[in-house]
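Trainee: attaching a predicted model along with its sequence, questions to come.
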Amino acid sequence: MATTKRLIDSALRSIGVLASGEEARPTELQDALLYAKQMLDSWSNETLLVPALVHEQFDLTPQNEFTIGDGGDFDTVRPTTIENLRIIDTEGNSFPIDLVGLNTWANIPIKDTVQTFPKYAYYTSSNPLGVLRLSGIPVAGGNKLAMISAKPITDLPALTAEVSFPPGYDRAIRLGLALELAPEYGKDVTAVMAAQYAQARKVLKRINSLSRNRDLEMDPGLTYEAGGYDVYSGPGG
């Protein structure tokens, strides 16, 4: 398993900045760390490049809007996307909540009634705190919100620390970092290297998608029958 420094040195050798056996200077290492952070931040916006989804549970309080992030109502790492939401009652029963888009959310006229199990939710990944809105105010009484989400990819560790991403990520990071750094040093990227990077990302996405086994979903606003709109809970109420 490679250290952060070895990944950076290898990326710089790949574009001819360093010769075999040479090591990057401190300023080059710091520049590369900045580029790596920006690249991984960009990857975080592509859910299938995130190494794993995170399963968490939070105590529900009687409110219909929750902040998520460091110091928020749900004090955890702010999700980039939420993949699944459920309410778990005190007996362990699970009640799904549909995550809807902006249009469906806007068409739910009343969102402040007390409901044991709100049916819909809308999430905005604002910074520094995300905001999760429910279509009703859950009752107090020990119920929990179970959330499965994608979190931002962690930055590379200290230069001498080993990179602990799953198999395949070291190669993708090295190739991606080489492509990111090449213009900084006036280097051209070969078609072979660009193709290798694209293939490395494709493999990671395929592996991650298989482990998540996504189902085809449709916005609830497209599926409710005429006359099936509940003014208190929204489409399909």
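Mentor: That came through, no problem.
Trainee: show the contacting residues for residue 48.
Mentor: Applying Cβ atoms under 8 Å, 6 or more residues apart in numbering to residue 48 gives the contacts 204, 205, 208, 209. C-beta: built from backbone N, CA, C; applies to glycine.
Trainee: how about a cut-off of 6 Å?
Mentor: 205, 208, 209 (Cβ atoms under 6 Å, 6 or more residues apart in numbering).
Trainee: residue 195: what secondary structure?
Mentor: Classification of residue 195 using DSSP: H, G, I helix; E, B strand; the rest coil returns helix.
Trainee: any idea how far it is from residue 63?
Mentor: 51 Å (Cβ to Cβ, to the nearest Å).
Trainee: same check on residue 31?
Mentor: Taking Cβ to Cβ as the criterion, residue 31 is separated from residue 63 by 45 Å.
Trainee: neighbour count: those two, which is higher?
Mentor: Set side by side, residue 31 and residue 63 show more neighbours around residue 31, with 16 against 13, by other Cβ atoms under 10 Å.
Trainee: that one: what secondary structure?
Mentor: Applying three-state DSSP to residue 31 yields a three-state assignment of helix.
Trainee: SS state for the nearest residue to it once chain neighbours are set aside?
Mentor: Here the nearest residue to residue 31 in space, its sequence neighbours aside, is residue 184; by Cβ to Cβ, 6 or more residues apart in numbering that works out to 7.0 Å. At residue 184 the chain is in helix, as set by three-state DSSP.
Trainee: now do the same contact list for residue 55.
Mentor: residue 148.
Trainee: doesn't it belong to a strand?
Mentor: Yes: with the criterion set as three-state DSSP, the secondary structure at residue 55 is a strand.
Trainee: how close does it get to residue 76?
Mentor: Between residue 55 and residue 76 the distance, using Cβ to Cβ, works out to 11 Å.
Trainee: where do the helices sit along this protein?
Mentor: For the chain, the helices defined by DSSP state H occupy 4-14, 26-44, 102-106, 169-181, 191-212.
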